Each structure stands twice: as C-alpha cells, then as structure tokens.
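Novice: The amino acid sequence is not available; the structure is as follows:
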C-alpha cells in the first residue's frame with residue numbers, strides 16, 4: 001500500500017496536526033526518507049512526539065518503521081517515473097483527461113443553476129471522501145474568499161453525521177468523490193437529500209450512486225485508476241481543473257448578475 005492509500009485509509013483518525021505532517025512528508029518523500037524524526041519535526045514546525053503519533057495513526061509501530069516505508073515508497077516512485085519518462089502513455093492520457101473534463105463542463109446545462117445556488121445559499125458546505133479531495137476543496141475554498149463566500153469544509157464522517165441533522169433547504173452542499181461510491185456515508189447523504197438540501201456531486205464521469213442522488217452533477221475524467229485500491233494513479237489535476245472551471249464560471253456569472 002502506498003502513502004496516499006495509507007492516508008486515505010486512516011483519514012478519519014488524523015487531526016489537523018497529523019494532516020499537516022503527512023502533507024509535508026508526502027510532498028517531500030525524497031527529503032524525509034533519510035531524516036531523523038527530530039529533523040522532520042523541525043521541517044514541519046511540530047514536536048517529535050507529534051510526528052511519532054502521526055506515524056502510529058498510519059499503522060506503524062514507530063518512526064523507524066515509517067522511515068523504512070518511505071525509502072521503499074521513494075524507490076517505487078522512482079521506478080514509476082522512469083516508466084513514465086520512457087512511455088508517452090501517461091502524459092497523453094492526462095492531456096486526454098483534461099480535454100474531456102473541459103468538454104464535460106462546457107456541455108453541462110445546469111451551470112447557471114449551480115452558480116445561482118452558490119450565490120444565494122445561506123450556508124455552503126463541502127465534503128471530500130479522501131485526503132486528495134479535501135486538499136482540492138481547501139484550494140476551492142480559498143478562491144471563494146475572493147467573493148466573501150465561506151465554504152464550510154466538513155472534516156470527517158462524524159461531523160457529516162451531525163450536519164445531516166441540522167442542514168436545511170436554504171443551504172447547499174458539495175460532495176467530492178472519485179468513484180461516487182457512498183458505502184461509508186450512505187445514510188448521511190440520503191438523510192441530507194430527504195431534507196431537500198440542494199446537493200452538487202463532483203465525481204469521475206460514470207454512472208454512480210452519488211451522482212444519482214445529487215441535484216447537480218459535475219464530472220471530471222480520470223483514466224489511470226488503480227484496479228486494486230481504486231485510487232487515482234495519475235494526479236488530482238482534473239479534479240482541481242473542474243473546481244477551477246466552476247470558480248471561474250461563477251466569477252463571470254456574478255459579474256453579470258450582481259450590480
């Protein structure tokens with residue numbers, strides 16, 4: 001199991017400090033694989049005990065075992081990069097995914113309704129089903145601040161469960177997923193839908209349960225999905241793209257609809 005899969009597996013157990021640590025490490029594996037726990041803690045501006053606790057939450061007995069895992073992860077990534085450089089397959093697939101994602105967005109007939117919802121919702125909530133989805137939502141949230149719109153990102157299933165009892169039809173919720181599989185959040189999403197809360201699903205282009213339940217569907221294209229762990233093997237490029245297109249479209253909509 002790679003680092004991304006581990007983070008997704010234990011995502012509900014990780015607090016903000018843990019996410020800060022794993023975010024830095026995942027982006028700097030080559031640097032961290034040969035560093036002591038004290039050095040990594042200094043990079044992350046946290047205590048050594050925080051780093052150790054984080055690694056234990058990921059299923060390791062201690063930092064030494066985690067560092068050995070990082071070395072294997074760095075080697076695996078290096079081999080993958082060599083494969084990528086020797087074949088045009090990955091880059092051509094990514095270009096195809098980007099082109100298809102733009103096409104799916106431009107052909108969407110419900111965009112004006114979505115923009116209207118974003119502009120007029122009393123409160124806007126967002127839930128990402130994994131670590132990568134959560135990161136993309138944080139960037140989208142940062143962009144919305146330019147319009148003085150606050151996006152309430154729901155950090156875990158526990159908070160989603162609580163929200164499902166208090167959210168109402170004046171609100172709006174975005175649910176971002178790769179597959180649209182609702183197995184772990186099925187009852188919460190259905191509770192929200194029953195209350196006639198406008199819901200926007202953001203999923204890979206496919207027939208899926210989340211898209212079926214949501215009022216509005218935004219799709220992005222991903223070709224390289226690992227068959228074993230159902231994770232994105234390429235990047236979150238097209239998810240970031242669809243949220244960027246949504247933001248730019250909303251910005252233009254607001255210019256013509258708000259005096």
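Specialist: That came through fine. Bear in mind the structure is a predicted one, so any value in this text is a computation, not a measurement. Numbers count the residues shown, from 1 in each chain.

Novice: Give me the mean pLDDT for stretch 34-45.
Specialist: Averaged over stretch 34-45, pLDDT sits at 91.

Novice: no no, stretch 7-14
Specialist: The average pLDDT for stretch 7-14 rounds to 83.

Novice: Can you list the neighbours in contact with it?
Specialist: 1, 22, 26, 54, 57-59, 130-132, 134, 156-158, 231 (CB atoms under 8 Å, 6 or more residues apart in numbering). In short, each C-beta sits where N, CA and C put it, glycine included.

Novice: Mind doing that once more with 7 Å?
Specialist: 22, 57, 58, 59, 130, 131, 156, 157 (CB atoms under 7 Å, 6 or more residues apart in numbering).

Novice: now these as CSV including neighbour count and distance to residue 48?
Specialist: Below are the contacts of stretch 7-14 laid out as CSV (neighbours: other CB atoms under 10 Å; distance: CB to CB, whole Å):
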residue, neighbour count, distance to residue 48
22, 24, 16
57, 17, 15
58, 19, 16
59, 14, 19
130, 20, 28
131, 22, 23
156, 15, 26
157, 15, 30
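
Novice: May I see the buried residues of the helix or strand where residue 188 lies?
Specialist: Secondary structure from DSSP states H and E places residue 188 in helix 186-194. Neighbour-count burial for helix 186-194 flags 188, 189, 191, 192, 193 (criterion: 16 or more other CB atoms under 10 Å).

Novice: what's the answer for stretch 161-169, then?
Specialist: 163, 164, 167.

Novice: do the same with stretch 11-20
Specialist: Under 16+ other CB under 10 Å, the buried positions of stretch 11-20 are 11, 14, 18, 19, 20.

Novice: what's the third one in contact with, if anything?
Specialist: Which is residue 18. By CB under 7 Å, 6+ apart, the neighbours of residue 18 are 54, 57.

Novice: Quickly find the element holding it.
Specialist: Counting by DSSP H and E, residue 18 is part of helix 16-27.

Novice: how many other residues sit next to residue 153?
Specialist: Per other CB atoms under 10 Å, the neighbour tally for residue 153 reads 17.

Novice: any idea how far residue 93 is from it?
Specialist: Using CB to CB, to the nearest Å, residue 153 is found at 30 Å from residue 93.

Novice: rewinding a little: let's have the buried residues of helix 186-194 in CSV, adding distance to residue 258.
Specialist: Putting the buried residues of helix 186-194 into CSV (distance: CB to CB, whole Å) gives the following:
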residue, distance to residue 258
188, 33
189, 31
191, 33
192, 28
193, 29
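
Novice: and the closest residue in space to residue 154 that isn't next to it in sequence, helix, strand or coil?
Specialist: Nearest non-adjacent residue to residue 154, counting by CB to CB, 6 or more residues apart in numbering: residue 127, 4.4 Å away. For residue 127, the secondary-structure state derived from DSSP: H, G, I helix; E, B strand; the rest coil is strand.
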